[in-house]
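In: could you work out the structure for the sequence below:
(one chain, ligands or ions: 3)
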Amino acid sequence: MQLTVVDHPLARARLSRMRDERTDNANFRAALRDLTQMLVYEATRELQLAEEPINTPVTGTTGYSLAAPPLIVPVLRAGLGMADTAHRMLPESQMGFVGLARDEETFQPKAYMASLPESLVGREVFVLDPMLATGGSLVNCCTLLTDRGTTSITVLCALAAPEGLKRLEESGLPLRIFTASVDQGLNDKAYIVPGLGDAGDRQFGAV
Ligand SMILES: O=P(O)(O)OC[C@H]1O[C@H](OP(=O)(O)OP(=O)(O)O)[C@H](O)[C@@H]1O
Ligand SMILES: O=c1cc[nH]c(=O)[nH]1
Ligand SMILES: [Mg+2]
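Out: Ligands and ions are numbered 1, 2, ... in the order given. Predicted coordinates:
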């Protein structure tokens, strides 16, 4: 498993805005959109390009496009706030959806929806979820994806806990993780510390 911490000053500033309890839902969503742009930018560095001859108004040259845009999969609810930004940066990509809600007593994820292509053989997948806490939700989501045949998953998250990273590493799933921070750990409610609270509630309101 490959881990990349995107600790660019702009990423730190946006993440701090998300952490701050005074930040309202609208400003939290705006900061997450900005942060997502930085995560996508870093995570797409090694995508393969296709070349074709093009003409500028001045002369002929070589043009480039993505050879195989990845499938984008936001994890509902919280990943929805990253979806539009990622899609704007990867406009040729298809999008699938996975809905997971963590039981707040057992911390086990419960799947309530999956809308994915039947086969992901040979396809690269970008999973969007701002929070990697125990790792249960991402193991669940990524297993759905490998069951469909992908061997290349990139996870973009705002925050990761060491416990969740360890769990993903031990899962043996074919993962690259891009995060803006590895925080201290989890509290007794399995919330990330210092974290930012419940990323779904911070964007959309408490349910
Ligand atoms: O690593 P884990 O311990 O599994 O926790 C992380 C999960 O918790 C949050 O979702 P939540 O279950 O709160 O659903 P929501 O997005 O609808 O709020 C978050 O968006 C992750 O999916
Ligand atoms: O800190 C956490 C942990 C899980 N899910 C969240 O939204 N926040
Ligand atoms: Mg939540």
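In: wait, A31 touches R14, no?
Out: Yes - look at A31 against R14 with Cβ atoms under 8 Å: they come within range, at 4.4 Å. Quick note: C-beta positions are derived from backbone N, CA and C, even for glycine.
In: how about the contacts made by the residue in the chain that ligand 3 sits nearest to?
Out: Taking Cβ to the ion as the measure, the chain has G200 as its residue closest to ligand 3, at 3.4 Å. By Cβ atoms under 8 Å, 6 or more residues apart in numbering, the contact list for G200 reads 77-78, 207.
In: try 7 Å
Out: By Cβ atoms under 7 Å, 6 or more residues apart in numbering, the contact set of G200 is 77-78.
In: quickly find the element holding it.
Out: According to DSSP states H and E, G200 maps onto helix 199-204.
In: quick check: phi and psi on M131?
Out: The phi/psi pair for M131 (degrees, to the nearest 10) reads phi -120, psi 130.
In: ok, which stretches of the chain are helices?
Out: Per DSSP state H, the chain carries helices over the ranges 9-19, 25-43, 80-89, 136-147, 162-171, 199-204.
In: the second one packs against which elements?
Out: Using 3 or more Cβ pairs under 7 Å, 6 or more residues apart in numbering; DSSP states H and E as the contact criterion, the secondary-structure elements in contact with helix 25-43 are helix 9-19, helix 80-89, strand 152-160, strand 175-182, helix 199-204.
In: most tightly packed of the ones you listed?
Out: strand 152-160 (a mean of 25; mean count of other Cβ atoms under 10 Å).
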